[in-house]
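*Asks:* What follows is a predicted structure for the sequence shown.
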2 protein chains.
Amino acid sequence: MKLYDSDRAPNPRRVRIFLAEKNISVPSVMIDLANMEHRGEAYSRLNPWQLIPSLVLDDGTVISETVAICRYFEGLQPDPPLFGVGALESATVEMWNRRIELNLYGAIAAAFRHSHPAMAEREKPQVQEWGEVNRARVPTELARIDAQLSRHRFVAGERFSIADITLLCSVDFMRIIKQQITDEMPHLARWKALVSARPSAAA
Amino acid sequence: MKLYDSDRAPNPRRVRIFLAEKNISVPSVMIDLANMEHRGEAYSRLNPWQLIPSLVLDDGTVISETVAICRYFEGLQPDPPLFGVGALESATVEMWNRRIELNLYGAIAAAFRHSHPAMAEREKPQVQEWGEVNRARVPTELARIDAQLSRHRFVAGERFSIADITLLCSVDFMRIIKQQITDEMPHLARWKALVSARPSAAA
């Protein structure tokens, strides 16, 4: 088994934290995003969407998409459960993981890709107005998550889950668009200290 | 249990098809998107993201996000399995469902919201350039899915899954941006006839 990984992007970090929480070790191949290795022929054959990470099994089967890779390992080794247990908890984790990924992380990533000068050569075309619209959405999303964290220890309830991993990687990635956790988000600040102190956060 | 539904949008249709495949019947409340009922105070209290569908359980618990609602019903009634069985099939279904939703459906929805005159009053601001960029992405995504369907009966393999539901709702929604399945996509055309003939497609 081989994990195509990168130390520069939030999605591969989500998988590394997930594996650290499960105490699973997988050999990895680092892809050089700065030199556009993910857009090269070899990697594109593996994953036509040219996204990192991808997992290649011993028989050559490729699993891509961060959450799909995580779900594969959840199936192989269910403990500790990171996708919830039972119908209601599984649905709740799925709901929060999607809310965070599609709305908060989606807005941060779009703001970065479409307005950061470092992305001008990579995101073609860079649509500046789209970057600005998304940047403006980030505080609203953070406020909604802060409200949820005022009621629960972790973002999908009382148990640490993949939704916390997605949120940590999103919040840490905000530095790239110069967005901070502000004094108006005390519950998010409390949660960030809690989750950042887990050994997996260093993965 | 109550499902907040709408007959005008692809995401609530995904849930209706999913329920039809499971032969589950849930009382529903129709939300009037044309009159912006989803942006009103009552629905926003239920779902601050103002998205349809939402499922409200008898104790008042709200599950929103299409895939989370589907996963809830998969947990309650696993047969027939629509999210795959076992680690590899579950991961494969997740991968294809995400590829279709995030790339194909995402591009169609962005093209519609950001370039269709009917959305000018609802999508503020409408970023025309973003609409055009996304419209141009649709044929590339369709070609990748056509290639997958040249090798498999259904989009995630040999078994019908939620990924087929997401694909059918995406492909049917393309009419709104005047994109067709063309002669260069014979496998997608074969698959569309197969899946559209299932009784659930009318849901």
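*Replies:* Yes, it's here.

*Asks:* what's the offset of the helix or strand of chain A with the lowest mean pLDDT from the middle of its chain?
*Replies:* Using mean pLDDT, DSSP states H and E, helix A:41-46 stands out as the lowest-scoring helix or strand of chain A, at a mean of 92. Chain-centre distance of helix A:41-46: 22 Å, with Cα atoms, centre = their mean, to the nearest Å.

*Asks:* cool, stretch A:83-100 as well?
*Replies:* Counting by Cα atoms, centre = their mean, stretch A:83-100 comes out at 15 Å from the chain centroid.

*Asks:* pLDDT of it, averaged?
*Replies:* In this model, stretch A:83-100 has an average pLDDT of 98.

*Asks:* can you list the residues that contact it?
*Replies:* Applying Cβ atoms under 8 Å, 6 or more residues apart in numbering or on different chains, the external contacts of stretch A:83-100 come out as A:67, A:70-71, A:74, A:82, A:144-145, A:148, A:155-157, A:159, A:161-163, A:166-167, A:170, B:49, B:57, B:61, B:63-65, B:67-69, B:71-76. (C-beta placed from N, C-alpha, C; glycine too.)

*Asks:* buried subset of those residues?
*Replies:* Among those, those that count as buried by neighbour count (16 or more other Cβ atoms under 10 Å in any protein chain shown) are A:67, A:70-71, A:74, A:82, A:144-145, A:148, A:155-157, A:159, A:161-163, A:166-167, A:170, B:63-65, B:67-69, B:71-75.

*Asks:* quick one, the longest helix seen in chain A and helix B:128-149 angle?
*Replies:* If you go by DSSP state H, chain A has its longest helix at helix A:128-149. Calculated by axes from the mean of the first three to the mean of the last three Cα atoms, to 10 degrees, helix A:128-149 forms an angle of 80 degrees with helix B:128-149.

*Asks:* circling back to that earlier point, relative to the whole chain's centre, how far out is the helix or strand just after the least confident helix or strand of chain A?
*Replies:* Remark: after helix A:41-46, the chain's next helix or strand is strand A:54-56, criterion DSSP states H and E. On the basis of Cα atoms, centre = their mean, strand A:54-56 sits 16 Å off its chain's mean C-alpha point.

*Asks:* Tell me which strands the following helix or strand past strand A:54-56 pairs with, and in which orientation.
*Replies:* Scanning forward in sequence from strand A:54-56 by DSSP H and E, the next helix or strand is strand A:62-64. According to DSSP bridges, strand A:62-64 forms sheet pairs with strand A:54-56 (antiparallel).

*Asks:* what is the rounded mean pLDDT of the partner strand?
*Replies:* For strand A:54-56, the mean pLDDT works out to 98.

*Asks:* those strands in chain A, which residues are they?
*Replies:* For chain A, the strands defined by DSSP state E occupy A:2-5, A:28-30, A:54-56, A:62-64.

*Asks:* Now distance to A:Trp96 too, for the ones you listed, in CSV please.
*Replies:* Converted to CSV, the strands of chain A look like this (distance: least, Cβ to Cβ, whole Å):
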stretch, distance to A:Trp96
strand A:2-5, 25
strand A:28-30, 28
strand A:54-56, 24
strand A:62-64, 23
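
*Asks:* any idea which of those is most buried?
*Replies:* Highest mean neighbour count of the strands of chain A: strand A:54-56, a mean of 23 (counted as mean count of other Cβ atoms under 10 Å in any protein chain shown).

*Asks:* Contacts for that one next, please.
*Replies:* A:1-4, A:26, A:43, A:46-47, A:62-64, A:69, A:72.

*Asks:* What's the separation between A:Leu194 and A:Phe160?
*Replies:* Counting by Cβ to Cβ, to the nearest Å, the gap from A:Leu194 to A:Phe160 is 9 Å.

*Asks:* So for these two, which residue has more residues nearby?
*Replies:* A:Phe160 (20 against 14; other Cβ atoms under 10 Å in any protein chain shown).

*Asks:* which residue sits closest to A:Leu19, ignoring its sequence neighbours?
*Replies:* Nearest residue to A:Leu19, sequence neighbours excluded (Cβ to Cβ, 6 or more residues apart in numbering or on different chains): A:Val26, at 6.2 Å.
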